[in-house]
Every structure is written in C-alpha cells, then in structure tokens.
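[1] Pasting the sequence and the predicted model now:
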Amino acid sequence: MTMLKDLENAVSVMKKGGIILYPTDTVWGIGCDATNYDAIDRIYKLKKRKESKSMIILVNDTRMLQEYVSNVPDIAWDLINTFEKPTTIIYPHAKNIAKNLIGSDGSVAIRIVKDEFCKQLVTILEKPIVSTSANISGEQTPLSFNKIHDQIKQSVDYIVSINHDKINQFKPSTILRLMENGEFQIIRQ
C-alpha cells in the first residue's frame, strides 16, 4: 500500500471517530482526532490508562499550535526552534480540544511534528491527533511494530501499513513543561 492510501484510510477512520495504530516521529502510537472525546476515551480504556494522565497531541505547525493554546509564551518559540529531536511541550491554557486531553491544571502536551507521514496525517485531517505509545500503561514502550501487543492491534480501527519493519531510533519524546513565570522544567529527557 502506498503512503497516500494509508493517509487517506487513516484520516477517514479518524473522521468517523475511530482510532488508529501508526508510526510517529518517535515510537509506534495509538491516535485519533484530538477533538473527539469518545475516541480519546476509547484510547484511555484500551491502554488501561487513568484519564488524569493526559496524552500528547501532534500539530503540523506553529499556526495550528496557536489554535489549541490560549497564549504561547515567548520562551516556547525559542524552545521550538532549538530542539532537533522530537520534543513535546506542556503548555498552560489549552483550548479547542477534547476535555479529556486537558490536564486538571488546564494544560496540554503538544508536539509540532517534523516526520512527513505524521505531518501529512495532521494536515489532511485538519485537526491535531493524539499520540500515545502503543502499549498498555505501565508496560514497555514498543520500538518496532512486531513488539506491539496483539490486544492493541486487534482493538484499533486501522493499522497503518508503512514502517512495520523499521526499528525506531528514537525513544519517546523529550517533555518540557512551561511555567506561568516564563521558565520551563524538563519532565522527561
């Protein structure tokens, strides 16, 4: 199957409220439309993850980022332009996304994706997508498709066909939290 067909199929599934299994810029992920409360709820249940532990969303550029964060602090622009490896930033004051993705403090974890497949996925859907590792909470994060548990594969509505034989060189993304005072702290390196 071609990448274009995979993109079309995955977007079609997400537009209907479905969840997908797809290669991200870091590890294999489970994803859905980040504005669809019910689809996100399905992912929490599939991963056996507490809803209080929010998930990362992917956007395709800085313009889209501003649609989902009320005020992007100045330091964020410096951070975004500094990092070469995939980096997720937790922003205060989320907006326009499903409530079950927003932290109890009103924050949201967002990564501007550089990977071409993921960028196209977000662009065609015209909405951010959830990006959470393809594992049951507390279990090892799979670095290749063949390490993903069958329960995950059988529970999604679509599995992207590309990169099944690729072993990811990246571990999960670095995560930074922006503070109200304009500083940041490293949550995961």
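    That came through, no problem.
[2] From here on, just use CA atoms for contacts and neighbour counts.
    Fine.
[3] Sketch out the low-pLDDT regions of this protein for me.
    1, 52, 166-172 (pLDDT under 70).
[4] so the spatially closest residue to residue 73 that is not a sequence neighbour is in which element?
    Spatial nearest neighbour of residue 73, chain neighbours left out: residue 182 (6.7 Å); criterion: C-alpha to C-alpha, 6 or more residues apart in numbering. Following DSSP states H and E, there is no helix or strand that holds residue 182.
[5] Quick check, central residue of the chain?
    residue 131 (2.1 Å; C-alpha atoms, centre = their mean).
[6] Can you tell me the SS state at that residue?
    Here residue 131 is recorded as strand under DSSP: H, G, I helix; E, B strand; the rest coil.
[7] Kindly report the same for residue 4.
    Per three-state DSSP, residue 4 ends up helix.
[8] and it, how far is that from residue 115?
    15 Å (C-alpha to C-alpha, to the nearest Å).
[9] sorry, back to before: ok, the residue nearest to residue 73 - contacts?
    Residue 182 is in contact with 73, 74, 75, counting by C-alpha atoms under 8 Å, 6 or more residues apart in numbering.
[10] Residue 76: neighbour count?
    19 (other C-alpha atoms under 10 Å).
[11] next one: the host helix or strand of it to chain centre, how far?
    Assigning secondary structure by DSSP H and E places residue 76 in helix 74-82. Put simply, helix 74-82 sits 19 Å off its chain's centre (C-alpha atoms, centre = their mean, to the nearest Å).
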